[in-house]
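Asks: no sequence for this one, just the structure:
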RNA sequence: GCGCCCUUCGUCUAUCGGUUAGGACGACAGCCUUUCACGUUGUAAAGACGGGUUCGACUCCCGUAGGGCGCGCCA
């Protein structure tokens, strides 16, 4: 809608809202590249204003003091549940004279919600959704300690901040109705609402920590690029014809509520990885290097590289990047594929690499070393020419020469193009690694 | 239990009553090839079920089943 995005930290629950939790949210948004306008607003700082509105509603008869204790309410709910009745506050203080209040109990303030008629949310995604008012009970606006509940604080702040569009998960749809009642009690204009579908875990159940899908920082640690994650996420519940790939500018331009669906989506790591691979292949080598270095501290186990790369390692990684990036779907995979660049001589071979250097392979490697030693200019073209010539003169297929070479050079059976590897490693290191395996 | 919402290939989705139901990921097969990838070509794969309305329904209506969300002095 070309509007502003404001960031508000809803910290009215003083126990749960810790500095760490807030920092995680802000870091996560920044990393993801979802930036907001102006400074974050901390909701609890506005508690006095919220209390003022609550008391004003009491004065106008739209709210009332309720002296029921938490224990009393728990008992009430258990009884309602046991009787198979709807679990709603029964309004026991709605029309009772506060003069009859038990001594020593601090009251909460509850909304005097309408009991007849209906409350309607004209939702931009869900359509017109209607509740019979008798289904909605009198929610708490102000706690007994005088602090506001989320329900009150959100309405007051949205109103005071001039919020025009409320776009949130559809787990808030019922809250949309309850908040509409608060707006009406206050005599305020109700903002446009849009309740978008939720994202479920791969198994179809609600996305939760138990299903391995955590906060944004987890995706960072798994080696996903912010641009890829944004692209993946925007296509969950929203579409633009058959288009799958969107730049950030493009999605800002094209996104619309009209094309948001109403059913929940399952999170599919395979598709995220595919998109991430796409973005990695398109990325500048230097940008990828920067992304890898930025991710290093967040990777599990701190990786084998420590928290940072030394200048020489950084240079090798950068040179190898073209061959590395098209073989990885995440930065973690990329790093894994780059391990051989940082390995110390003599290299340890994995099982497949060992097999490649058995018998014939070992002999061919010796031939290859001899051919390479004759190369004067150590680059991709010259080393490749030397090995290809050897292939022709010896009758060995290129693969029969390249695979032992790869095994000795990288310790693995798979790697980027082997002549690229030779070039990046350089003459001295390459020949050293090869001779290590020949026992020379 | 009560209320609200949802239901097209395994997954994300297109379809504004008339299509051989399209695309993407994944899977499988071929090609390319020094490995693995990348790239490329192709194949399999869907309207939950039952009733209506209509000349005609994936599309509109009702019901059933399944799933989700909500029902806190949490947000």
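Replies: The structure has been received and is ready for your questions. Just so it is clear, the structure is predicted and the values come from calculations on it, not from any experiment. Numbering: from 1, shown residues only, chains lettered A, B, ... in the order given.

Asks: please report how far the residue located most distally from the centre of chain A lies from RNA strand B.
Replies: The centre of chain A is farthest from one residue, residue A:393, which by Cα atoms, centre = their mean lies 55.1 Å away. Distance, residue A:393 to RNA strand B, using Cβ to the nearest atom of the strand, to the nearest Å: 16 Å. For glycine as for every other residue, the C-beta is placed from the backbone atoms N, C-alpha and C.

Asks: okay, now the unreliable bits of the stretch 251-400 of chain A?
Replies: Within the stretch 251-400 of chain A, the stretches with pLDDT under 70 are A:300-307.

Asks: closest residue of it to RNA strand B?
Replies: Residue of the stretch 251-400 of chain A nearest RNA strand B, by Cβ to the nearest atom of the strand: residue A:263 (2.9 Å).

Asks: number of residues surrounding that residue?
Replies: 8 (other Cβ atoms under 10 Å).

Asks: next up, the contacts around the most centrally placed residue in chain A.
Replies: In chain A, the residue lying closest to the centroid (Cα atoms, centre = their mean) is residue A:216, at 3.4 Å. Contacts for residue A:216 (Cβ atoms under 8 Å, 6 or more residues apart in numbering) come out as A:27, A:28, A:29, A:31, A:32.

Asks: tell me the one of these nearest residue A:344?
Replies: Nearest to residue A:344 out of the contacts of residue A:216 is residue A:31 (Cβ to Cβ; 33.1 Å).

Asks: which helix or strand contains the closest one?
Replies: Using DSSP states H and E, residue A:31 sits in helix A:19-32.

Asks: wait, does that helix make contact with RNA strand B?
Replies: No: applying Cβ under 7 Å from any atom of the strand, one finds helix A:19-32 separated from RNA strand B by no less than 10.6 Å.

Asks: test my guess that residue A:54 contacts residue A:109.
Replies: Yes: at 4.7 Å, residue A:54 counts as touching residue A:109 under the criterion of Cβ atoms under 8 Å.

Asks: what touches both of those two?
Replies: Joint contacts of residue A:54 and residue A:109 (Cβ under 8 Å, 6+ apart) are A:63, A:141, A:142.

Asks: so which of the residues you listed are also by RNA strand B?
Replies: Within the shared contacts of residue A:54 and residue A:109, nothing lies near RNA strand B by Cβ under 7 Å from any atom of the strand.

Asks: make a markdown table from those and add pLDDT to it.
Replies: Putting the shared contacts of residue A:54 and residue A:109 into a markdown table (pLDDT from 0 to 100) gives the following:
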| residue | pLDDT |
| --- | --- |
| A:63 | 97 |
| A:141 | 98 |
| A:142 | 97 |
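
Asks: so of the residues you listed, which ones are in strands?
Replies: A:63, A:141, A:142 (DSSP state E).

Asks: can I get the buried part of these as one PyMOL selection?
Replies: To isolate the buried members of those in PyMOL, using 16 or more other Cβ atoms under 10 Å:
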select buried, chain A and resi 63+141+142
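
Asks: how far away is residue A:277 from residue A:82?
Replies: 55 Å (Cβ to Cβ, to the nearest Å).

Asks: between these two, point out the one with more neighbours.
Replies: residue A:277 (20 against 8).

Asks: give me the buried positions along the helix or strand hosting the more buried one.
Replies: Taking DSSP H and E as the definition, one finds residue A:277 inside helix A:269-282. Buried residues in helix A:269-282, defined by neighbour count with 16+ other Cβ under 10 Å: A:269, A:272, A:273, A:275, A:276, A:277, A:278, A:279, A:280.

Asks: so the first one is in contact with residue A:202, correct?
Replies: Yes: Residue A:269 sits in contact with residue A:202 when judged by Cβ under 8 Å, with a separation of 6.9 Å.

Asks: near RNA strand B, which residues of the stretch 51-200 of chain A are found?
Replies: Going by Cβ under 7 Å from any atom of the strand, the residues of the stretch 51-200 of chain A near RNA strand B are A:68-70, A:73, A:77, A:81, A:84-89, A:106, A:108, A:126-127, A:129-132, A:135, A:137, A:140, A:143-145, A:147, A:149-151, A:170-175, A:197-198, A:200.

Asks: perfect, I'm done here.
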